[in-house]
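generate a structure from the sequence data that follows.
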Amino acid sequence: MSLEQLVTKYINSAKHVFEHMEMVHASMTVDVDRVLQVVEYARNYLNDSEHYREKKKFEVSLTSVAYCEGLLDALRLLGAVRFEWPKTKKSEN
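Residues are numbered from 1 along each chain as shown. The predicted structure is shown next:
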C-alpha cells in the first residue's frame, strides 16, 4: 500500500467517525464545551491532513490524521463520545 493510499484510508476512517459519533452526556466529569473543543481540534487535524494530501505531502498528511485519530480515541476512552472505527476489508490489509 502506498503512502498516499494509507493516508486516504486513515482520512476516510476519521470522516466515518465524525459522521457517526455520538456525544455522551451521562456521567461525564469533563465539561461538554471542552469535549466539543477537542472534537474541533480533531476535525482541524483532519482538514489539515486532506490539505496536505492534495499537496502530495503525504508524510505531513499522515501525521495530521494520526493526531486526529489520537484525539478521537482519547475522547472515546474518557467516555465522552461513542463511535466505532470502520472495519477494514481484507483486501485493504
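
give the next helix or strand downstream of the lowest-mean-pLDDT helix or strand in the chain.
Here the helix or strand of the chain ranked lowest by mean pLDDT, DSSP states H and E is strand 22-23, holding a mean of 82. Scanning forward in sequence from strand 22-23 by DSSP states H and E, the next helix or strand is helix 32-54.

need the contact partners of that next one.
Contact partners of helix 32-54, identified using Cβ atoms under 8 Å, 6 or more residues apart in numbering, comprise 4, 7-8, 10-11, 14-15, 18, 21, 23, 25, 28, 58, 60-62, 64-65, 67-68, 71-72, 74-75, 80-81. C-beta coordinates here come from the backbone N, C-alpha and C atoms, glycine included.

where does this protein dip in pLDDT?
26-28, 89-93 (pLDDT under 70).

ok, back up a step: which neighbouring elements make contact with the least confident helix or strand of the chain?
Helices and strands touching strand 22-23, by 3 or more Cβ pairs under 8 Å, 6 or more residues apart in numbering; DSSP states H and E, are strand 81-82.

of the contacts of helix 32-54, buried ones?
Buried members of these, counted by 16 or more other Cβ atoms under 10 Å: 7-8, 10-11, 14-15, 21, 58, 61-62, 64-65, 67-68, 71-72, 75, 80-81.

now, those residues that are in helices?
7-8, 10-11, 14-15, 58, 61-62, 64-65, 67-68, 71-72, 75 (DSSP state H).

widest-spaced pair of those residues?
Maximum pairwise distance in those, criterion Cβ to Cβ, is 26.0 Å, between 58 and 75.

angles on the backbone of residue 79, please.
Main-chain torsions, residue 79, degrees, to the nearest 10: phi 80, psi 20.

just checking, it touches residue 24?
Yes: counting by Cβ atoms under 8 Å, residue 79 does reach residue 24; the two are 5.8 Å apart.

sounds good, over and out.
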